[in-house]
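K.L.:
Build the 3D model from these lines:
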Amino acid sequence: MHGAQWEELTDFFVAYQRGSAVAVRPLFESLQRRTEQVLFKRGLKQEDVAEVTQQVLLRIHVNRERYEPDRPLRAWVSTIVRRTLIDFWRRSRKATTISHEDVELANDDSSWFGISPESFVGLKEEIKKVDTLKPTDKKIVDLYAFSGKSIEAIGEELQLSTGAIKLRLHRARKLLKGLGVFILACLGGWR
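P.N.:
Predicted coordinates for the structure are as follows:
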């Protein structure tokens, strides 16, 4: 879409913000075409393009009051498309193919703390990440998440500043974010 077309689209969007029913159809048809073009260029399949496009248009509608007419509409829409696409990729990446032996292993034990076979496969991979933590970081996570100690108490015990404890916890959480779902389910949330 060229600059002049975006200017016309901006006029439609401003009219849409003000409640004009006439602007809705040309605005969303144009945004839909543009979004689909971008998503096809990214290599998405037809059904994925349809799903992501629908999410993009819904986000545009829900957030329409946040758009400021003195700002470029193209940048605002592009940001929504990019963020929606990233969210879609994150959700897609979490979908895991399960092997027959993983299902058997998961069903072998009576409950696995309520973990479904699908979750178990991902959990197995996340648990491996714990081994990559430094011993001090493992100790900090253990004291904080499982012993319930405060950051200040951990700092005193390990002779580290509270800032250092917070930083190490942040890095450990980032590394173990998939495992965090399991921990949150067991503990009811990290403080």
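K.L.:
Need the contact partners of the helix or strand where residue 54 lies.
P.N.:
Secondary structure assigned from DSSP states H and E places residue 54 in helix 46-62. With contacts defined as C-beta atoms under 8 Å, 6 or more residues apart in numbering, helix 46-62 is touched by 28, 31-32, 35-36, 39-40, 44, 77, 80-81, 84-85, 87-88, 92. In short, each C-beta sits where N, CA and C put it, glycine included.
K.L.:
how about residue 72, phi and psi?
P.N.:
phi -70, psi 130 (degrees, to the nearest 10).
K.L.:
shaky segments in this protein?
P.N.:
Low-confidence segments of the chain (pLDDT under 70): 1-4, 94-128, 177-191.
K.L.:
returning to that earlier point: so among the contacts of helix 46-62, which ones count as buried?
P.N.:
28, 31, 35, 36, 39, 44, 77, 80, 81, 84, 85, 88 (16 or more other C-beta atoms under 10 Å).
K.L.:
Look up the closest residue to the last one, ignoring the ones flanking it.
P.N.:
What it means is residue 88. residue 52 (5.1 Å; C-beta to C-beta, 6 or more residues apart in numbering).
K.L.:
Against residue 85, how distant is that neighbour?
P.N.:
As defined by C-beta to C-beta, to the nearest Å, residue 52 lies at a distance of 6 Å from residue 85.
K.L.:
Could you single out the nearest of the contacts of helix 46-62 to residue 137?
P.N.:
Distance to residue 137 across the contacts of helix 46-62 (C-beta to C-beta) is lowest for residue 87, with 29.3 Å.
K.L.:
contacting residues around the closest one?
P.N.:
Residue 87 touches residue 55, counting by C-beta under 8 Å, 6+ apart.
K.L.:
if we go to 10 Å?
P.N.:
Neighbour list for residue 87: 52, 55, 59 [criterion: C-beta atoms under 10 Å, 6 or more residues apart in numbering].
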